[in-house]
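Trainee: Task: produce atomic coordinates for the following.
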Amino acid sequence: MNSYPFLLVVHLFAAFVFVGTVTFEVLFMEPVQKRLPVEVRKALGAQLGPRVRAVVPWAVLVLYLAGLGMAWQHRAALASPGSSPFGLLLSIKIALATSVLIHVVIAMTLARRQRLRGVVRRRVHISVFCHMVGIVLLAKTMFHLSW
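Mentor: Numbering: from 1, shown residues only. As a prediction, the model looks like this:
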């Protein structure tokens with residue numbers, strides 16, 4: 001039985017949760033929070049923070065496990081990434097995804113130590129957001145580009 005379609009759907013739903021959360025934070029929450037009174041910001045953080053910390057790590061875990069399962073099925077293309085546009089674009093996508101995972105681990109470590117604040121938090125969010133834009137573009141084009 002080919003598990004690729006199942007892995008693809010699971011991967012897409014997990015990506016939807018993770019990418020959607022980061023996109024919402026970068027494009028909506030962070031700009032709006034600056035204009036909210038301190039007590040509203042604290043209340044919002046107290047309500048959203050625990051929910052994000054409860055859901056997003058599981059989404060990331062599922063996202064990466066499904067991604068590994070899909071990558072395994074493309075191992076021939078990954079063995080020689082320069083030999084095809086698909087292999088090259090998939091390799092770049094995996095490199096970006098690895099970088100996102102490193103960002104997430106660093107952010108979670110800093111958050112546990114209560115050092116993920118202000119500028120550092122914003123930079124991590126923007127970096128992850130930019131990486132994810134690249135990943136989504138690659139995911140949508142790697143099956144259709146040729147040269």
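Trainee: Can you tell me the SS state at Asn2?
Mentor: Under DSSP: H, G, I helix; E, B strand; the rest coil, Asn2 falls in the coil class.
Trainee: so what's it scoring on pLDDT?
Mentor: pLDDT, Asn2: 91.
Trainee: What are the boundaries of the helices in this protein?
Mentor: Assigned by DSSP state H, the chain shows helices spanning 4-24, 30-33, 38-73, 75-79, 85-112, 118-141.
Trainee: Now mean neighbour count and distance to Trp147 too, for those helices, in TSV please.
Mentor: C-betas here are computed from N, CA, C, even on glycine. Below are the helices of the chain laid out as TSV (neighbours: other Cβ atoms under 10 Å; distance: least, Cβ to Cβ, whole Å):
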stretch	mean neighbour count	distance to Trp147
helix 4-24	16	25
helix 30-33	12	38
helix 38-73	14	22
helix 75-79	12	15
helix 85-112	16	6
helix 118-141	15	12
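Trainee: So for the closest residue to Ala59 other than its chain neighbours, what's the pLDDT?
Mentor: Leaving aside its sequence neighbours, Ala59 sits nearest to Val17 (Cβ to Cβ, 6 or more residues apart in numbering; 4.0 Å). Note on Val17: pLDDT of 98.
Trainee: Also Val52?
Mentor: 92.
Trainee: just Arg112 next, same as before
Mentor: pLDDT, Arg112: 90.
Trainee: ok, so what distance separates it from Gly69?
Mentor: Note on Arg112: its distance to Gly69, by Cβ to Cβ, to the nearest Å, is 29 Å.
Trainee: Give the residue spans of the protein that score low on pLDDT.
Mentor: Applying pLDDT under 70 to the chain flags no residue at all.
Trainee: repeat that for 80
Mentor: Low-confidence segments of the chain, defined by pLDDT under 80, span residues 1, 147.
Trainee: Tell me how far Glu30 lies from Phe16.
Mentor: The spacing between Glu30 and Phe16, counted by Cβ to Cβ, is 20 Å.
Trainee: brain fart, Arg41
Mentor: Remark: distance between Arg41 and Phe16 (Cβ to Cβ) = 27 Å.
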